[in-house]
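Chemist: Model the following, please.
(chains A, B, C, D and E, ligands or ions: 4)
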Amino acid sequence: MDFEFLSQTFVALLPGIPVTLELATLSLMLGAGLALAFAVVRVRRLRPLNWLVIGYVYVFRGTPLLVQLFIIYYGLAQFPEIRSSFAWTYLREPYWCALLALALNTAAYGSEILRGALLSVPRGQIMAAQACGMSGFLLFRRIVFPIALRQALPAYGNEFILMIKATSLASLVTLADVTGIAARIIAETYRPVEVFVAAGTIYLAISYGLILLVRVAETRLNPDRRDPAPVAGVGAARKEVTP
Amino acid sequence: MLESLTLFGFGPDSWGPAMLRAAANTVAVAAAGFALGGSLGVLVAWAKIAGNAPVRWLAAGYTTVLRGIPDLLVIYLFYFGSGLLLTPIAQMFGAEGFVSLPGFLAGMGAIGVVSGAYHAEVIRGAFYSVKTGELEAATAIGMPRLLKFRRITLPLVARHALPGLGNVWQMVLKESALISVTGLVEIMRQAQIGSSFTRQPFTFYFAAGVLFLTITILSGLIFNRLEHRYSRGRA
Amino acid sequence: MTPPAQPDPALPPAVSVRGLRKRYGKLEVLKGINFDAHRGEVVSILGSSGSGKSTLLRCINMLEIPEAGTVTVDGTEIALVTRRDGGRRPADPRAMDQLRARIGMVFQDFNLWSHKTVLGNVIEAPTHVQKRPRAECIAEARALLDKVGIADKADQYPSRLSGGQQQRAAIARALAMNPAVMLFDEPTSALDPELVGEVLRVIRALAEEGRTMLIVTHEVSFARDISDTVVFMNDGVIEESGPPEEVFAAGNNTRLARFVEG
Amino acid sequence: MTPPAQPDPALPPAVSVRGLRKRYGKLEVLKGINFDAHRGEVVSILGSSGSGKSTLLRCINMLEIPEAGTVTVDGTEIALVTRRDGGRRPADPRAMDQLRARIGMVFQDFNLWSHKTVLGNVIEAPTHVQKRPRAECIAEARALLDKVGIADKADQYPSRLSGGQQQRAAIARALAMNPAVMLFDEPTSALDPELVGEVLRVIRALAEEGRTMLIVTHEVSFARDISDTVVFMNDGVIEESGPPEEVFAAGNNTRLARFVEG
Amino acid sequence: QEKSWDTIRIATEGAFPPFNLTRQDGTLDGYDVDLSNALCERMKAKCTIIAQPWDGIIPALNAGKYDAIVAAMSANPERAKVVSFTIPYAAGGVTFLTSKDNSLADVPYVDTLIRLQDPKDADKLKAALAELNTAFAGKVAGLQASTIATEFFHKYLPDVKIREYKGNEAELDLAAGRVDMIMASLMYLSDLVKQDGRENLVLFGPRFGGGLLGQGAAIAVRQDDDALREKLDAALEELKADGTMKEISMKWFGFDVTP
Ligand SMILES: Nc1ncnc2c1ncn2[C@@H]1O[C@H](COP(=O)(O)OP(=O)(O)OP(=O)(O)O)[C@@H](O)[C@H]1O
Ligand SMILES: Nc1ncnc2c1ncn2[C@@H]1O[C@H](COP(=O)(O)OP(=O)(O)OP(=O)(O)O)[C@@H](O)[C@H]1O
Ligand SMILES: [Mg+2]
Ligand SMILES: [Mg+2]
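Modeler: Ligands and ions are numbered 1, 2, ... in the order given. Below you'll find the predicted structure:
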């Protein structure tokens, strides 16, 4: 491996990092908000919204992000009505299209993760809260959500990292994020493996930071799992509330 | 509309059969990769939960690196890198020229090791939401490790893991699109071929979306059944 | 032993249950339950396993919605409305919450919140439902934990507690809301005789403060010691009820006699 | 009441515990426990909440690995080896499993498998650990469920059972393995007096068959009725042990007296 | 040991008509494919032609997945650093495309090739670039990544805003008005404007070739496979000389692309 080329490439890729980070952060924040709302709609079966959300989740989980991006970016542009509307000021720009597609996509995945987590909250723990006079948002905020979050976190951690990588698709609509720059360097040098190693290092560093954050959050949310030393066998590694 | 009917119908000039063949390739490579990743994921999750320090450290390294780097890099390494590894071995056995993994196997391997990292995280999370007591009861009754794993741990973990595994399957299905660099004609590659032939990219990518959606809806039905099956007895 | 403060029958009953019915699928668990508990009265509910005792308690604060019948707490009937699908639901959720906040409940299987420490469990409702100052709640909670003998476990998570410790934490949590009515589902099942005596003292003190208590228990001697009224449930109906001396008088009812003898 | 079959002291003890120590973090729960249980002997373990009774039972079948001390079952010592990190683990996992299969355990919190019906819970180990024919196991399981009085709940999932029903299902599950030694952690806590009497009869019958039984219980009268030996634990050590008549003789030990009085 | 090259594995993209394309039934076709077959016949070699997506086409060659690339690949200096090229087999240069309602449509199409590093064309090049630089002010170009067109813009028109696409999606953005022009090979573009529904597209500006644009399309082989390259060169010369190349060219382009 040619280390000089590797380090040159690495430096050339650096300007892409802010674009990647910004796209990931914004889309994750937007997406998580939507995901929570959708998950609540699903768990509480708020009709007719429930059906809409089911359809939405199916479509956005069921098709490649690339196709979604294509449809939002190229598809909408086919309609003269859209091109002459106010929305075109945003849809015209690859940046906003990419952000929109990413946020809608992660919202669909996130809502499924959160739904599963919400459903896994033990009924007894909810009943105990109701018996204290909690209900509605208070019950959700103080009991249901914290317990669900503990369950959701590993899966949502996956989703964070997937989104960091998913931002690389933005290069397909011409944005110069890390992957976009990498693709250009590959086109100029025909040395994909070296360039991907350099780009991979950057993505890995970002993901690793994120994994550390998620791990900190996990231990903070599960103080009872901070066992001093797990003992013998799979079962003994932790304790849970007895039923 | 009418135009896309002739494009994707079943006449001699239609792209329907080609798209369907590509869809079959997508499903095959995704399913094979998913199965490989699932087995890896179980092992790695187990290592993370019950392994000693070096094993846990290794497992953490694996999940961190494979989730962190772009999937395309892994695919490149499998497809282009396999030659570097296999050629000398093959030449030792008297083979001539280059030897490397065929596109399908390279794709399956790449998808497998990447999705293994995600599988592991999902399974680990699910394991922690199983009540310890139920596992202890199995130990106390004298079940050997493997039996306990198969009869008690797995079904209980499956209950919590299934929604997450559903997500991983969706991810794998779409990741198969990247496998096209190996020359495997899956849905997205076929869409690209068709769109360059007819010069109608939008129509083809839209059709690809519809195909993916169909596959997910069908596989969603399977996952729903499994979820239903494993949620028996849930409070 | 001093008898607990006398309940006052002039006031409306603290809890009044009329014609309560509840079924799970084909299984009719409660088949028309009627009873009153007056202010400051201690009512023990006895009955064989599976006779519907826990279900009755859960219906009283509407954690399970009964198919038929009414529950009146402190003179206010808990209004239920029929949904389109035939089920029922509380008419006014807010009023329902306010009522529940005045009914403390200790569950048979404790149901401590696994994401909070013992102290966190105890102060949760006072700080967030009653919205009282945190420092005050903590002080009170520590006093309560001391009373039930687990002050040293205040900062532990429930999964680290022994069975009896969990049960006491659950009792402290219910008491922290200072409720007018307490529902106890086998509050002493995991406790040793010494602690049972302790809980008995606590319950008696609460009764003297005028609190109404419904206690599901299997311990006949405990019921005899503590109750103003004993209710014996069998197969979804109340078969016997009255002051303990009367109810436990031998030969009164063969089913009950057999139950008490063991 | 007929006394149970006399244990035979000529044979090696069925369970023998020596110098057992266990700590959780800073908390030393067991501080050196020694005792023997002979074949067919019924040993009741009493002690206040948090005194380490459940921990002791869990150490006997190595669900928790003690830091020090040995457990010998039927003359075979459970071999532990020290790991590099200082903890210990069973030397031969296979032998450990075989041993555990001969020790039945009823947990304080039941721990029924939530993904299996009651019947499924009971036949699981006989069919898969002992590998006996399924039909035979089912017939036996139904008989056992009948014996503990929940035959009608055979096809229910545990989450649908009342507390006492869950406890009985757990007892049936442990009995289905036909174990030589039974460990019961408060087997009657969720049961009504009638059922307590029933369980007492079952335990006595098992003792007559020569099975050894260790029973953690809070019910002094139950312990008095059923045991050959009573062990009183306090603060991690055995403070008193012997035949019930002796141990419960008044004035013997103030701590125990206070405990029994409540 | 020396390879005799009686079997050769050839890769093409299969998605760049009319040079190479994939039919509905999966068969490969196009100018490159016909040419490859003719070459192999001439070399008396057994050939297999496989499709390989453009992204990985050079790395896969160097990884030994196949021995030669016949995929309308321009033999430019950058690529020549990692592969070696035969003599060119098609030359047309690159040019521009816009839509009729764009002001660029007023720039005339100049049907003569300007050779980038040819001293004879230096003045023409200077004048053309000056003209283009004014015309392109405020305009955006849509280019396919990994093509010589991108390199051309970087070097000769660095101030013009460009967007890079993975495939041929730049056409879609031209239709949507997000970009004002496309630059690509003349042979590709002239085929494109003949398609149904593309009546509002026009070619404009001069045609460029040579220099970093390369001498035209050539066959790429691994750098150490000199024997193969020489064999292919010889066969190409023969096809050029006996008119076979012209024949294939007429079939696919309607004009002669033989250099
Ligand atoms: N969710 C449910 N679905 C179906 N059946 C249920 C459910 N909950 C309770 N039951 C059944 O209703 C009956 C009454 O249950 P309940 O818990 O009220 O009994 P209990 O009197 O409290 O018994 P125990 O003393 O054993 O706790 C039992 O037969 C039980 O199996
Ligand atoms: N996993 C754990 N981590 C930390 N402390 C624990 C853990 N398990 C038990 N303990 C502590 O060990 C002590 C003994 O617990 P154990 O469950 O053996 O008590 P017990 O005698 O069975 O009490 P009870 O009668 O209430 O069931 C208790 O103080 C408990 O808080
Ligand atoms: Mg109950
Ligand atoms: Mg205990």
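Chemist: I'd say E:Gly93 and E:Leu113 touch.
Modeler: Yes: counting by Cβ atoms under 8 Å, E:Gly93 touches E:Leu113, with 4.9 Å between them. All C-beta spots, glycine's among them, are computed from the backbone N, C-alpha and C.
Chemist: For C:Phe35, which non-adjacent residue is closest in space?
Modeler: C:Val17 (5.4 Å; Cβ to Cβ, 6 or more residues apart in numbering or on different chains).
Chemist: just to confirm, which helix or strand has that neighbour in it?
Modeler: strand C:15-24 (DSSP states H and E).
Chemist: Which strands and helices lie in contact with that strand?
Modeler: Here strand C:15-24 touches strand C:27-37, helix C:53-60, strand C:68-73, going by 3 or more Cβ pairs under 8 Å, 6 or more residues apart in numbering or on different chains; DSSP states H and E.
Chemist: Which of the three states applies to E:Gly142?
Modeler: Put simply, E:Gly142 is strand when judged by DSSP: H, G, I helix; E, B strand; the rest coil.
Chemist: My error: substitute C:Asp155 in the last question.
Modeler: Under three-state DSSP, C:Asp155 falls in the coil class.
Chemist: So what's the residue count around it?
Modeler: C:Asp155 is flanked by 11 other residues according to other Cβ atoms under 10 Å in any protein chain shown.
Chemist: how about the closest residue to it other than its chain neighbours, what does it touch?
Modeler: By the measure of Cβ to Cβ, 6+ apart, the closest residue to C:Asp155 outside its immediate chain neighbours is C:Thr117, 5.2 Å from it. Going by Cβ atoms under 8 Å, 6 or more residues apart in numbering or on different chains, C:Thr117 touches A:223, C:154-157.
Chemist: quick one: C:Thr117 from chain E, how far?
Modeler: To chain E, C:Thr117 is 54 Å away according to Cβ to the nearest Cβ, to the nearest Å.
Chemist: Now for C:Phe35, how many residues are close by?
Modeler: C:Phe35, neighbours per other Cβ under 10 Å, totals 19.
Chemist: Would you mind confirming that it makes contact with C:Ala14?
Modeler: No: C:Phe35 lies out of contact with C:Ala14 (Cβ under 8 Å); the separation is 11.6 Å.
Chemist: Excluding covalently adjacent residues, which one is nearest to whatever residue of the stretch 1-150 of chain C ends up closest to ligand 4?
Modeler: Relative to ligand 4, the nearest point of the stretch 1-150 of chain C is C:Phe110 (12.9 Å; Cβ to the ion). Leaving out its chain neighbours, the residue that sits closest to C:Phe110 by Cβ to Cβ, 6+ apart is C:Ala170, at 4.3 Å.
Chemist: and the one you found, what element?
Modeler: helix C:163-175.
Chemist: for C:Ala249, same thing?
Modeler: Here C:Ala249 is covered by no helix or strand, with elements defined by DSSP H and E.
Chemist: That one: neighbour count?
Modeler: Neighbourhood size, C:Ala249 [other Cβ under 10 Å]: 13.
Chemist: what kind of secondary structure is the residue located most distally from the centre of chain C in?
Modeler: Here chain C reaches farthest from its C-alpha mean at C:Arg84, the gap being 31.6 Å by Cα atoms, centre = their mean. Using three-state DSSP, the structure places C:Arg84 in coil.
Chemist: Identify the residue of chain B closest to ligand 4, quick one.
Modeler: Taking Cβ to the ion, chain B has B:Gly133 as its residue nearest ligand 4, at 12.4 Å.
Chemist: just the helices in the stretch 51-200 of chain E please.
Modeler: All helices of the stretch 51-200 of chain E, identified by DSSP state H, counting those that start in this stretch, fall at E:57-62, E:77-80, E:122-135, E:148-156, E:170-176, E:186-192.
Chemist: is the fifth one anywhere near chain A?
Modeler: Yes: counting by Cβ under 8 Å from any Cβ of the partner chain, contacts between helix E:170-176 and chain A involve E:172-173, E:175-176.
Chemist: what's next to that helix, contact-wise?
Modeler: A:74, A:77-78, A:83, B:199, B:201-202, E:97-99, E:142-144, E:163, E:165, E:179-182, E:192, E:201.
Chemist: low-scoring stretches of chain A, by residue?
Modeler: A:1, A:223-243 (pLDDT under 70).
Chemist: quick one, longest helix in it?
Modeler: As assigned by DSSP state H, the longest helix anywhere in chain A is helix A:192-221.
Chemist: Does anything pack onto that helix? Which helices or strands?
Modeler: Looks like helix A:192-221 contacts helix A:3-13, helix A:16-43, helix A:145-166, helix A:178-189, helix B:53-68, helix B:71-92 (3+ Cβ pairs under 8 Å, 6+ apart).
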